[in-house]
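**Q** quick one, what's the 3D model for this:
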Amino acid sequence: MTSPMIPARFAALAEAYGGEIGRWPEAERDAAAALLAGEADFAAPVLARASGLDEALGLWPSMAASPALREAIIAAAPRQRRAVSIWALRLGLGAGLAGACATGMAVGVLFLNSVVEPGGAALSAAMAAYDGEAANVTGDV
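**A** Numbering: from 1, shown residues only. Model prediction:
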């Protein structure tokens, strides 16, 4: 069952969709028909006004665009990008990211031993401090 429609909603729908309830959104039709049956003194004039506008608009001749206007619009429209160029861009970005990651890992592995030498003074001092022993931090072991 649909909820009852208020007269203001009925008038707004008639103004938007015209005087024929069959043209209204399907979800609104049953409630509109119920309002028309219950409040015909309000709804009938609203539909009559909307039908008059429908008739006036129906008499207006439809005009087709000239071929020159049609061609000008098509010429001014932005061109569609080719899908191949988008895939090439994505492939290039992916390859660049993979290369940057591989380079970062290689640099990290190659320079690991030069930054922290096993058995070096800095490592010995850090290990001694961790073990709780007094350490010679000047580098003399």
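**Q** do you know how far the most centrally placed residue in the chain is from residue 99?
**A** Nearest to the mean C-alpha position of the chain, by Cα atoms, centre = their mean, lies residue 86 at 19.2 Å. Per Cβ to Cβ, to the nearest Å, residue 86 is found 21 Å from residue 99. The way it works is simple: take the backbone N, C-alpha and C, and place the C-beta from them, glycine included.
**Q** using the record's assignment, carve the protein into domains.
**A** With domains defined by automatic domain parsing, the chain comprises 7-59, 90-131.
**Q** distance from stretch 6-25 to the middle of the chain?
**A** On the basis of Cα atoms, centre = their mean, to the nearest Å, stretch 6-25 sits 32 Å off its chain's mean C-alpha point.
**Q** so what touches that stretch?
**A** 28-29, 32-33, 35-36, 39, 42-43, 46-54 (Cβ atoms under 8 Å, 6 or more residues apart in numbering).
**Q** report the rounded mean pLDDT for stretch 28-43.
**A** Stretch 28-43 shows a mean pLDDT of 93.
**Q** how far is that stretch from where the chain is centred?
**A** Centroid displacement of stretch 28-43 relative to its chain, using Cα atoms, centre = their mean, is 39 Å.
**Q** buried set for that stretch?
**A** Under the neighbour-count criterion of 16 or more other Cβ atoms under 10 Å, stretch 28-43 has 28, 31-33, 35-36, 43 buried.
**Q** the helices in this protein, which residues?
**A** Under the criterion DSSP state H, helices of the chain are mapped to 7-17, 26-38, 40-59, 67-76, 83-110, 112-115, 121-131.
**Q** could I get the buried residues of stretch 28-43 as TSV with distance to residue 10?
**A** Formatted as TSV, the buried residues of stretch 28-43 follow (distance: Cβ to Cβ, whole Å):
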residue	distance to residue 10
28	9
31	8
32	6
33	10
35	5
36	8
43	6
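**Q** let me know the closest of those residues to residue 108.
**A** Distance to residue 108 across the buried residues of stretch 28-43 (Cβ to Cβ) is lowest for residue 28, with 66.3 Å.
**Q** what's the burial count for the closest residue to the closest one other than its chain neighbours?
**A** Nearest residue to residue 28, sequence neighbours excluded (Cβ to Cβ, 6 or more residues apart in numbering): residue 13, at 5.9 Å. Residues contacting residue 13 under the criterion other Cβ atoms under 10 Å number 21.
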